[in-house]
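# okay, sequence plus prediction incoming.
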Amino acid sequence: MNEQDKAYRFWIHNLPGVGDRTIEKLLLTFGNEKAIYEADEKILNRILDKEKTKKIFEFTAKWDLQGAYGKLLEQKIRFFTRKDKEYPCRLRRLKHPPYGIYCIGNLPQETTPAAAIIGARECSEYGSFVARAFAGKLASAQITVISGMARGIDGIAQQSAVHAGGTTFAVLGCGVDVCYPASNKGLYDQIISAGGGILSVFPPGTMPQKRNFPERNRIVAGLSDVLLVVEARQKSGTWITVDMALDQGKNIYAVPGRLTDRLSDGCNLLIRQGAGIALSPEDLIREIEVLANRKEVAALEEVPTLNPVPAKQQDDLLSFLDFAPHTADEILQKMKQHGKEISLQQLLPELIMLCMKGQAKQEAGYYMKIETSF
Amino acid sequence: MFSTVISGAVYGIDSYLVHVEADLSSGLPCFVIVGNPGSEVREAGERVRIALKNSDIQIPPMHIAVNISPGDIRKAGTGFDLPVAVAVLAAMGKIPPESLKEKLFLGELSLDGELKPVHGVLPIVTCAVNKGIRQVIVPEENAKEAAIVRKMKVSGAVCLKQVIEYLKQPEKTQDQFLPPTKTTAHEDMPPGNRSGKEPDFGEIQGQEQAKQAALIAAAGFHHMLIVGPPGAGKTMLAKRMPSILPPLSEQESLEVSALYSISGKLNRGSPLICQRPFLSPHHTISPQALAGGGKVPRPGAVSLAHRGILFLDELPEFKRQTLDLLRQPLEEKEIQIARSSGFFTYPADMMVIGAMNPCPCGYYPDRNRCRCSPSEIHQYLSHLSGPILDRIDLCVPVPKVEISQLQSKVRGMGSKEMRQQVQKARHYQKIRYQNTRYRFNADLEAGDVEKYCALGNRERDLLENLFHSMDFSARTYHRILKVARTIADLEDGGKIRETHLMQAACYRPGDLFER
């Protein structure tokens, strides 16, 4: 088991048209990667079809065995296969463990509990708020947050985990050196510097492709102990992750939503099918406690409430605000229905006061509540 | 024989007088027009020849030369037909030359000698009266337009024969033969003239904030951006803006009418425009149509909206190149167009009202209906260039209207009430900006904002607080001050107070545009 072997493994993992199963098949015959590398065309032809062999040889002719692996290390990318002791145990337990995993930064610690937080890319304000709140609390409770660093829920959850000072791991559907989506570049760097890691089962340089994502989702499910679905439509990519997690016997939690919110349909449906109902981050923490048989999560009690006690009138106004954005007119209307008559000229300054205090925010004339804890 | 007749023409929007000279001399019979004529002016020769023949005047077989001076400007337009004909007739001795003195002729001829209306009469006549001309003879259909100009005698003629007869009359009986046209346009335009049919703000149910924003925009002449889902009433709001703007002053009215005269867009029945223009070009408009185009450019939409409103519906659908043309007019209140034939400057002091959906599908932030990704929304909004958005002081969301609001019997503020408030606010501004180049709060330049929008200590602290907590840019800072100034003017014209600042902060284009 030395670096020399790893260069061969890196080579075989990069072969075009050769997936985990083919590698498996070749290894059965040859025993190790070096033997495959040195095998001649005729022998290979007996196991693989001619097309494939030809491609492999064409590729190998251009492949600089040591150089390519050296370059990998230069990029600070580490590569682990099942033969390495660092290879995550959680993945070993999968029905079909991936041949290898790349990482920038660290790998998740085996003993630290991990929760996956996943959800829609085009999420609502409610979803992003819940993702932020749950991820923040889980991270402060020393639970690793695993997700896909996608737009929407995934990215928001991981960002929040980083802010809370926790470790989080992003499993990508592309090479670890490719930041997808590019808009999450900031998060990408923060995850690494915060002690987490960027993981992928695809060789560096792989571009994000639709067909890669189910595999990515399987790894997200595989690396975590519980799975939290924050927001999902009835038809959503999130279901792939959920199915994978169910296959792996993981517990699924879903955040309930309103019946009228299409973005909560998926979660509500999951609850009907028997998923756990995530009413607070503590629900998940307790679940993990039971799983890990840990006595107590000390950090739990220490989480302080960030909200200062607001003044009376504004507290009233705050109750008319929602996580979903509303215009001043809609807020006026709502207040009127509750018998609170106030003029627009009076309302606007109050709203701005809330924004200044960080209890609400304005976006193009829409106002919504921000809360940092329940 | 030689004769000379005065006429006029428009170059860009500037008018100038020309002398049309005719000479008959012996030689091969022909009819030439010199003096840098455009193709339509060159054709005048043919029209005049036939029109004269059909007016029972025999043209002698001589060498007829017509010169239009000054010769260094290219002449365009069909208004030279009548002066050319008159000049030729005078050269032939059919008209006494002294009858042409201090008169200006303008008009197109048809082959049977009838006079046809032409464009640009109002600015030409205005120019003529400044140059000491006392009478104009124009086609009858243009007479009312020419008569808008005070201290000018206007005679509207139907055909060439009538003009000839008129000029032959002794001066005493001329007015009997062809009574001068008097206009009632000025009397038709009492201050606050309303046709009574124009749409009223009272018809809009709900939308309190949008109406408030419209009020502020009208009072301080701020540009406004309306954001909302389809069917929320964005266009409805914009269409009602003219109803709360103060009426055009006489000077403004003449400016606007002159621009419309050049474009040939005047109503011949009531040529003086006394309503503020409201232009709503479609988003497929070409840059030339917006800014003004042509070899010698015609006024574009920005100039036709001068002193009025330019409503740009579906703002992000406009080509970026087209929208960027608005930068200069928004900054300098005029537009310069460079052509090979020279530089042209047209006035373009308009209020821009933009309307747009918040995302491609139109329903953001209602996530039940909107599935646009942040990058799609960003892409959509990136059509709006920063410099254009920077000039827009007010941004207001227009939410979907609830059925209960539609059925509500309570009518909101109507146009009349709003107009009174606007006039009050404008009054304060008039006093404040006496002897300055500013007219409205929105005109204030960065250097003078602090001077005219002075703040007390408490207000200054608040604004600083706002600035930090809401992450303003320096430009937003000035915008908020200007809008706060207008809000204060709408109240009592006094000092800017905290509540004004906070209200103003609610109208800034928010994070939606700063992503």
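Looks like it came in fine. Numbering: from 1, shown residues only, chains lettered A, B, ... in the order given.
# quick one, phi psi at the residue in the stretch 101-250 of chain A that chain B sits nearest to?
For the stretch 101-250 of chain A, the residue closest to chain B is A:Ser124, as judged by C-beta to the nearest C-beta, at 3.9 Å. Just so you know, the C-beta spots here come from the backbone N, C-alpha and C atoms, and that holds for glycine as well. A:Ser124 has phi and psi values of phi -90, psi 180 when expressed as degrees, to the nearest 10.
# so who does B:His427 touch?
By C-beta atoms under 8 Å, 6 or more residues apart in numbering or on different chains, B:His427 lies in contact with B:Gly493.
# could you do A:Asp20 as well?
A:His96, A:Pro98, A:Tyr99.
# switch to 10 Å and redo it
Contact partners of A:Asp20, counting by C-beta atoms under 10 Å, 6 or more residues apart in numbering or on different chains, are A:His13, A:His96, A:Pro97, A:Pro98, A:Tyr99, A:Gly100, A:Val201, A:Glu215.
# how about the secondary structure of A:Gly274?
When states are read from DSSP: H, G, I helix; E, B strand; the rest coil, the local structure at A:Gly274 comes out as coil.
# so what's it scoring on pLDDT?
Reading off the confidence values, A:Gly274 has pLDDT 91.
# chain B contacts on the stretch 151-300 of chain A?
Near chain B, the residues belonging to the stretch 151-300 of chain A are A:151-152, A:181-183, A:231, A:233, A:258, A:260-264 when assessed by C-beta under 10 Å from any C-beta of the partner chain.
# again, only using 7 Å
Residues of the stretch 151-300 of chain A found near chain B (C-beta under 7 Å from any C-beta of the partner chain) are A:Arg151, A:Asp261, A:Arg262, A:Leu263.
# what's the distance between the residue nearest the centre of chain A and A:Tyr126?
For chain A, the residue whose C-alpha lies nearest the mean C-alpha position (C-alpha atoms, centre = their mean) is A:Ser147; its distance is 0.9 Å. Counting by C-beta to C-beta, to the nearest Å, the gap from A:Ser147 to A:Tyr126 is 18 Å.
# hang on, the earlier thing: export the contacts of A:Asp20 to JSON lines and tack on neighbour count, secondary structure and distance to B:Ile487?
Rendered in JSON lines, the data for the contacts of A:Asp20 read as follows (neighbours: other C-beta atoms under 10 Å in any protein chain shown; DSSP: H, G, I helix; E, B strand; the rest coil; distance: C-beta to C-beta, whole Å):
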{"residue": "A:His13", "neighbour count": "21", "secondary structure": "helix", "distance to B:Ile487": "66"}
{"residue": "A:His96", "neighbour count": "11", "secondary structure": "coil", "distance to B:Ile487": "66"}
{"residue": "A:Pro97", "neighbour count": "20", "secondary structure": "coil", "distance to B:Ile487": "66"}
{"residue": "A:Pro98", "neighbour count": "20", "secondary structure": "coil", "distance to B:Ile487": "62"}
{"residue": "A:Tyr99", "neighbour count": "20", "secondary structure": "coil", "distance to B:Ile487": "67"}
{"residue": "A:Gly100", "neighbour count": "23", "secondary structure": "strand", "distance to B:Ile487": "64"}
{"residue": "A:Val201", "neighbour count": "23", "secondary structure": "coil", "distance to B:Ile487": "59"}
{"residue": "A:Glu215", "neighbour count": "20", "secondary structure": "helix", "distance to B:Ile487": "58"}
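# from these, which is closest to B:Leu304?
Nearest to B:Leu304 among those, counting by C-beta to C-beta, is A:Glu215 at 60.6 Å.
# residues in contact with that closest one?
A:Val201 (C-beta atoms under 7 Å, 6 or more residues apart in numbering or on different chains).
# what's the burial count for B:Ile64?
Residue crowding around B:Ile64 was assessed by other C-beta atoms under 10 Å in any protein chain shown; the count is 25.
# need the residues of the stretch 251-400 of chain B near chain A, please.
So far as C-beta under 7 Å from any C-beta goes, the stretch 251-400 of chain B lies against chain A at B:Pro358, B:Pro365, B:Arg367, B:Asn368, B:Arg371, B:Ser373, B:Pro374, B:Cys395, B:Val396, B:Pro397, B:Pro399.
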